[in-house]
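Q: The sequence and its predicted three-dimensional model are supplied below.
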Amino acid sequence: MPRAEILDEIIAARRRQRLWFRGRFILVWVVLVGILGVFLWSAGRVSLDFIFSSGPYILQGAGITILISVVAMVLAIVLALLGAVGRLSSNAIAFSVASLYVSLVRGTPLLVQIYFIYLALPQAGIILDPIPAGIIALGFNYGAYMTEIFRAGIQAVPRSQHEAAQALGMPERLAFRRIVLPQAVRIVIPAIGNDFIAMIKDSSLVSIIAIQELLWRASRVGRSERQVLAAITIAAVVYWGLTIVFSYFQDKLEQRMARGDR
Amino acid sequence: MTGQAADHPLPPHLGEVIVEARGIEKYFGDLHVLRGVDLDVRRREAVMIIGRSGSGKTTLLRCLNFLEEPTIGSVEIDGLRVEAAPLRARSRAHQEQIRQIRLRASMLFQEFALFPHMTVLGNCIEAPTRVRGLSHDEAVAVAEKYLEKVGMPEKRDEYPARLSGGQKQRVAIARALCMEPKVLLFDEPTSALDPELIGEVLNVMEELAHEGTTMIVVTHEMHFAREAADRVIFMEGGVIAEQGPPETILDSPQEDATKRFLRRFLEA
């Protein structure tokens, strides 16, 4: 056989292998999820009526879930940036305040923080509506974790970049804002994406302060209609779907950033 | 220590003293890296510093624009004198003095340190617009002039990642020139380059030297030093062991340490 044909043959075989792998992958998922679904369906006596009547009501909670997650994420990024600058500061007060923030927030459960802001603060005269309270709790919590991500990202920018800016006579703040920070942001974007996906799921915790997001709606309507299994499963599937969608966008974003680096 | 002025007449093209370092000492912890260095550099002079690694030559260069703060000593560049004050390092007045020194003496790095998130042109106009206060158009005009000088005008819209090492270093030189400093400091500018790329950078530097750019260069390129230097300084053990015109230092050094260094260098 001529050489070119052999090469074509090899490439075609490789493609068949890849397709076959992918086919089996999809098959396994469909079979496993199908078995689980059928089992739950029959054992749980799920009513189709309930899914059609209450499904849309639960689904509407996804909007609130996304709203809370996005706003809390913006708050978290702002806090994380301030926290990271504080943690890297040679100013004792800035360093102490930032370290206290990280230690306190990472050292207490998110659920406790939600209760504290919504249920405990009113006793001190600070009364917040559920949605602002939930956003503040999530934002503060994630801000503390992301402080360490931003700190690591800033430290991962080569020291020579900072020195080059200094050598050009750039003042400290300008060098940070124009040279170090943009490079740090590129470094932390994958980690921030992961945290956003985690945030979507953790936002379910604010259902305990009566925010009408996905989980709250599912558990409410599930209990009143005695269809908890179906209701919670719908919520779970929606969370799963949301994280798959955002993971997809995260992959695309990372690919684009990688192209920027060339 | 051999004083240049005493032994050799000054070449006529040199101007007044523009860099004056006095009694520079530097400790890294217990390590005494610089043990009292005095250095005068005149306008339009090209000074090359040679010596084995660990002799303190890079540290000396970095002390001149306070990327390392000297432990003791003072640096005066073009009339601005800054005393080493490591304990006062965070006072605003001291910081500002150091920044002014850096505007007078710009550093080129072994690893180029171009800003990867900016184009070549962006690299060249960033500090001129935001530090020197030039308008965007003025800064672009200056940048184009110097990119032309280093032979890279057609690369102005590329990102650094698309350039070869030699091209990166030439852009870094253009970027430094855009600040129109009084003196250029080169820290082993060709040590990170593939051998075939060294020439293009040295050519640019040699041209700058012949045009009368004041420069202080830490280098291992003896041939380049011979061609472009007005003076060669040999450092050993944190002091200037010997200095003089290139042909004197490179061909007939007086000090044993210099002879040993050059002999080993020629063997290698």
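A: Happy to help now that I have it.
Q: which residues in chain B form helices?
A: Applying DSSP state H to chain B gives helices spanning B:4-7, B:57-64, B:92-104, B:120-127, B:136-149, B:165-177, B:195-210, B:222-228, B:246-251, B:256-267.
Q: For those, which has the smallest mean pLDDT value?
A: Of all the helices of chain B, helix B:4-7 carries the lowest average pLDDT, namely a mean of 50.
Q: Quick check: residue B:96 vs residue A:172, distance?
A: Using C-beta to C-beta, to the nearest Å, residue B:96 is found at 11 Å from residue A:172. In this view, the C-beta of every residue, glycine as well, is placed from N, C-alpha and C.
Q: So which bits of chain A are right by chain B?
A: A:90, A:158, A:160-161, A:163-172, A:174, A:178-179, A:182-183, A:186, A:261-262 (C-beta under 8 Å from any C-beta of the partner chain).
Q: Mind checking which of these land in strands?
A: Among the residues of chain A next to chain B, no member falls in strands (DSSP state E).
Q: JSON lines for the helices of chain B, including distance to residue A:57 and mean neighbour count?
A: Formatted as JSON lines, those follow (distance: least, C-beta to C-beta, whole Å; neighbours: other C-beta atoms under 10 Å in any protein chain shown):
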{"stretch": "helix B:4-7", "distance to residue A:57": "89", "mean neighbour count": "11"}
{"stretch": "helix B:57-64", "distance to residue A:57": "67", "mean neighbour count": "24"}
{"stretch": "helix B:92-104", "distance to residue A:57": "61", "mean neighbour count": "17"}
{"stretch": "helix B:120-127", "distance to residue A:57": "52", "mean neighbour count": "24"}
{"stretch": "helix B:136-149", "distance to residue A:57": "56", "mean neighbour count": "17"}
{"stretch": "helix B:165-177", "distance to residue A:57": "60", "mean neighbour count": "25"}
{"stretch": "helix B:195-210", "distance to residue A:57": "67", "mean neighbour count": "18"}
{"stretch": "helix B:222-228", "distance to residue A:57": "78", "mean neighbour count": "18"}
{"stretch": "helix B:246-251", "distance to residue A:57": "86", "mean neighbour count": "18"}
{"stretch": "helix B:256-267", "distance to residue A:57": "82", "mean neighbour count": "14"}
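Q: okay, those in JSON lines with distance to chain A next?
A: JSON lines is the format used below for those (distance: least, C-beta to the nearest C-beta, whole Å):
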{"stretch": "helix B:4-7", "distance to chain A": "27"}
{"stretch": "helix B:57-64", "distance to chain A": "9"}
{"stretch": "helix B:92-104", "distance to chain A": "4"}
{"stretch": "helix B:120-127", "distance to chain A": "4"}
{"stretch": "helix B:136-149", "distance to chain A": "12"}
{"stretch": "helix B:165-177", "distance to chain A": "7"}
{"stretch": "helix B:195-210", "distance to chain A": "17"}
{"stretch": "helix B:222-228", "distance to chain A": "22"}
{"stretch": "helix B:246-251", "distance to chain A": "27"}
{"stretch": "helix B:256-267", "distance to chain A": "27"}
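Q: Identify those among the residues of chain A next to chain B that sit within helices.
A: The members of those that map onto helices under DSSP H are A:160-161, A:163-167, A:172, A:174, A:182-183, A:186, A:261.
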